[in-house]
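> would you be able to build a 3D model of this:
(chains A and B)
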Amino acid sequence: MGLMSQVPVRGTPRFLPISLALVAVLVWAAVVALGVFPESLFPSPRAVARGMVEELRSGRLLNDAVASLFRVGTGFALAVVLGIPLGLWLGHRAYARAAMTPAINFFRNLSPLAWMPFAVLWFGIGDVPAIFLIFMASFFPLALAATLAVASIPSVYFRVASDHGIGGWELVARVSFPAILPEVITALRVTAGVAWVVVVAAEMVAGRDGLGFAVLDARNGLRTDLVVVEMIVIGAIGVIIDRLLAGLTRLPSVRWGYER
Amino acid sequence: MSGGDTNDKVLVVSGLSRHFGSLEALRAVDLQVRRHEFVAIVGPSGCGKTTLLNILSGYERATTGSVTRQGRVRMVYQKDGLFPWLTAGENVLLGLRDVPDTMERRRRLDDLLGLIGLPRFADHYPHQLSGGMRQLVELARALAGESEILLMDEPFSSLDYIARLRMRQELARLLAERPRTVLFVTHDIEEAAQLADRVVVLTERPGRVCRALQVELPRPRSLTHPLVVEAIHTVLAEMGLESNSSPRRNGASGNRQKA
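Residues are numbered from 1 along each chain as shown, chains lettered A, B, ... in the order given. A predicted model of the protein is given here:
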């Protein structure tokens, strides 16, 4: 942390990443122009741009993106709403923590994709299996992160709380929760990234729409240009999700967690 | 508590012992603190100073013995005693939770922030303040409301030397404006001698009171005042850190207590 924050990021020009992207596209176009690979295996930037316009015009891209975002949003929200309170509770209960942490750790380390067969067997095709898989991918890491964060709250905060008559639910709401919030936000960012990866895989197996399904559908139609279109959109949305969650770290009441 | 001469004793500790399993942290500690008296407790590391404060604040229980307190007790911690997710003002307001009226709370908050000389820092978060400012805010929180007894657990030990000297002056000034009964745990003997009406020296574990030393000099005191220097010498000698051959021993009057 210390070294990283010393790097003068503020002074670096903003055009650097954009220039690099332009160079990458030029190299890409040059490789295509050399004709080393057939166009069906290595679509040109021009074809991809055309595909992008086509997909936008038909409305299919928007439809798929909304479908994927809905699944991630629902599965992730369920994981947050259940996982963070579970973590808060476990953090305060040594016996429950000792009993449940190994199980949570087990499921956290179990790739959510391994649930794929059961997801389809139990929930068929559509939104529900994808939401289930996203939930399985996010719930355990979030619960574990919250548990560990609570367990590492400095005891002085609880002493101060007790000095001022703060106990019970008020203790959880006014001390434990704000104390773990910086770590929870970090866990949210990591987990949301995983969830976005998982939704693509889930839709390939158990979807009839969504960006993951669109990738597979484009391949089946031998439209590699559209595969690249979907790839660009998937990556870009992932970055946007992370930027939005990173915005939470700018809340004044959590800055302390990132500045020492 | 009964009897005329004990009425002004706001804190009475008798026969206090604390065991952690087979470890004996405190043994038969007796201590009586008068209203608005400033008592410093010094002793080697691990002598049970902090354990004693924890028992006095009600956070830990004594194994045997009793503690009688009159009035509300507030604690000032070594560091990180402020909630980092609350602003300085919000932290001080924790000490005013019993004041029902919002306007009155606000008024008292402004008073306290003015008192500690940080009236424009209400909306700053602790990490935006210096270590000394944070301890001042914590002090303001401890003075808020109708607190009577301040328990201070090495409150300046995480500050640099200059800041510590300044904070001693500030504490003396604040106590002149808002008199409180203070029990001040420190391993800084200078600090104890410069601030306290009485310096209580604890022995190594298990902690016992091995000496109590009166320093009869009004605050604020100069660190180099002969009586302060004398008291420092006496305490150092008591702890075996300096030879016991002081040229003059009539300034500070020590009375040896049997443990």
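> neighbours of the closest residue to A:Arg174 other than its chain neighbours, how many?
In space, A:Arg174 comes closest to A:Ile166 once its chain neighbours are excluded; the distance is 6.0 Å by C-beta to C-beta, 6 or more residues apart in numbering or on different chains. From N, CA and C alone the C-beta is placed, and that goes for glycine too. Under the neighbour criterion other C-beta atoms under 10 Å in any protein chain shown, A:Ile166 is assigned a count of 20.
> B:Thr234 now?
Counted with other C-beta under 10 Å, residues neighbouring B:Thr234 total 25.
> which strand or helix spans it?
Assigned by DSSP states H and E, B:Thr234 belongs to helix B:226-238.
> on that earlier part again, please name the residues that touch the residue nearest to A:Arg174.
Contacts for A:Ile166 (C-beta atoms under 8 Å, 6 or more residues apart in numbering or on different chains) come out as A:174-175, B:94.
> need the three-state assignment for it.
Three-state assignment for A:Ile166 (DSSP: H, G, I helix; E, B strand; the rest coil): coil.
> what does B:Ile149 give?
With three-state DSSP as the basis, B:Ile149 sits in strand.
> tell me the residues of the stretch 51-200 of chain A that contact chain B?
Proximity of the stretch 51-200 of chain A to chain B (C-beta under 8 Å from any C-beta of the partner chain) is limited to residues A:154, A:156-157, A:159-160, A:162-166, A:175, A:178-179, A:181.
> switch the cut-off to 6 Å
A:154, A:156, A:159-160, A:163-164, A:178 (C-beta under 6 Å from any C-beta of the partner chain).
> hang on, the earlier thing: got the contacts of A:Ile166 as a markdown table, with neighbour count columns?
Shown next, in a markdown table, are those (neighbours: other C-beta atoms under 10 Å in any protein chain shown):
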| residue | neighbour count |
| --- | --- |
| A:Arg174 | 17 |
| A:Val175 | 20 |
| B:Leu94 | 20 |
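> among these, which ones are in helices?
Those of the contacts of A:Ile166 mapping onto helices are B:Leu94, per DSSP state H.
> which stretches of the stretch 151-259 of chain B form helices?
For the stretch 151-259 of chain B, applying DSSP state H, counting those that start in this stretch gives helices covering B:161-177, B:189-195, B:226-238.
> quick one: end-to-end distance for stretch A:154-171.
With C-alpha to C-alpha, to the nearest Å applied, stretch A:154-171 spans 14 Å between its terminal residues.
> centre of the chain to that stretch, how far?
33 Å (C-alpha atoms, centre = their mean, to the nearest Å).
> now swap in stretch B:34-53 and tell me
Relative to its parent chain, stretch B:34-53 has a centroid offset of 7 Å by C-alpha atoms, centre = their mean.
> give me the below-cutoff pLDDT ranges for the stretch 101-250 of chain B.
Scanning the stretch 101-250 of chain B for pLDDT under 70 picks out B:245-250.
> check it for the residue nearest chain A and tell me.
Nearest residue of the stretch 101-250 of chain B to chain A: B:His127, at 4.5 Å (C-beta to the nearest C-beta).
> which residue, other than its chain neighbours, is closest to that residue?
Using C-beta to C-beta, 6+ apart and skipping residues adjacent in sequence, the residue nearest B:His127 is A:Trp256, 4.5 Å away.
> and what of B:Ser243?
Of all residues not flanking B:Ser243 in the chain, B:Ala237 sits nearest, at 7.0 Å (C-beta to C-beta, 6+ apart).
> ok, now how distant is the one you found from B:Glu230?
Separation of B:Ala237 from B:Glu230 (C-beta to C-beta, to the nearest Å): 11 Å.
> more crowded one of those two?
Between B:Ala237 and B:Glu230, B:Glu230 has the larger neighbour count (other C-beta under 10 Å), namely 21 against 17.
> so A:Pro112 is in contact with A:Val199, correct?
No. Look at A:Pro112 against A:Val199 with C-beta atoms under 6 Å: they stay out of range, at 10.3 Å.
> more neighbours: the two, which one.
When A:Pro112 and A:Val199 are compared for neighbours, A:Val199 comes out ahead with 29 against 25, by other C-beta under 10 Å.
> now for the more buried one: which residues touch it?
A:68, A:71-72, A:130, A:134 (C-beta atoms under 6 Å, 6 or more residues apart in numbering or on different chains).
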